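>>> no FASTA, just this:
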């Protein structure tokens, strides 16, 4: 994992879209991200610090247009109550660098019943096969 950087350093390191989403709590349009339909085996890592976040074995097609997972890597995620935009949701951030990743909902598949709805722009995929 990379060390946590200043916001200015993240701005220099990331694309404008990734900076907006990961550091300024933005979101990408559905079905626009590079990983929403990825079916390769591997690990999804944080675009900001390279921390492992999700394993491909936990990814599923939620039909929402964003990469969706039923479980994160143990200890990799923080969940924060989000009351923006007139809604009550649970924001998901990287536990290592606080990058905004997306939100988690309780309408996912077994075994957890969770759906981590994550922005592709916040992820880097490392193929294992």
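It's in. Source: prediction; values computed, not measured. Residues are numbered from 1 along each chain as shown.

>>> CA atoms for contacts and neighbours, from now on please.
Will do.

>>> quick one: the strands in the chain?
With strands called from DSSP state E, the chain shows them at 42-46, 52-55, 59-60, 68-69, 77-82, 89-94, 100-105, 115-118, 123-127.

>>> quick one, which of these is nearest to residue 36?
Proximity to residue 36 (Cα to Cα) singles out strand 68-69 among those, at 7.5 Å.

>>> Just send the strands of the chain back as CSV, with distance to residue 12 too.
As requested, these are exported to CSV (distance: least, Cα to Cα, whole Å):
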stretch, distance to residue 12
strand 42-46, 16
strand 52-55, 22
strand 59-60, 30
strand 68-69, 28
strand 77-82, 24
strand 89-94, 19
strand 100-105, 17
strand 115-118, 23
strand 123-127, 17
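
>>> Tell me which of those strands is the most buried.
Comparing those by mean neighbour count (mean count of other Cα atoms under 10 Å), strand 68-69 ranks first with a mean of 26.

>>> got any ranges where this structure has weak pLDDT?
Residues of the chain meeting the criterion pLDDT under 70: none.

>>> Please report the distance of the residue lying closest to residue 81 once chain neighbours are set aside from residue 38.
Of all residues not flanking residue 81 in the chain, residue 90 sits nearest, at 4.7 Å (Cα to Cα, 6 or more residues apart in numbering). With distances taken as Cα to Cα, to the nearest Å, residue 90 is found 24 Å from residue 38.

>>> Also residue 60?
Residue 60 is 10 Å from residue 38, by Cα to Cα.

>>> Which positions in stretch 28-43 come out as buried?
Applying a neighbour-count criterion of 16 or more other Cα atoms under 10 Å, one finds 28, 33, 35-37, 43 buried in stretch 28-43.

>>> Show me how far that stretch is from its chain's centre.
11 Å (Cα atoms, centre = their mean, to the nearest Å).

>>> cool, and stretch 29-45?
Per Cα atoms, centre = their mean, the centroid offset for stretch 29-45 relative to its chain is 10 Å.

>>> That'll do, ta.
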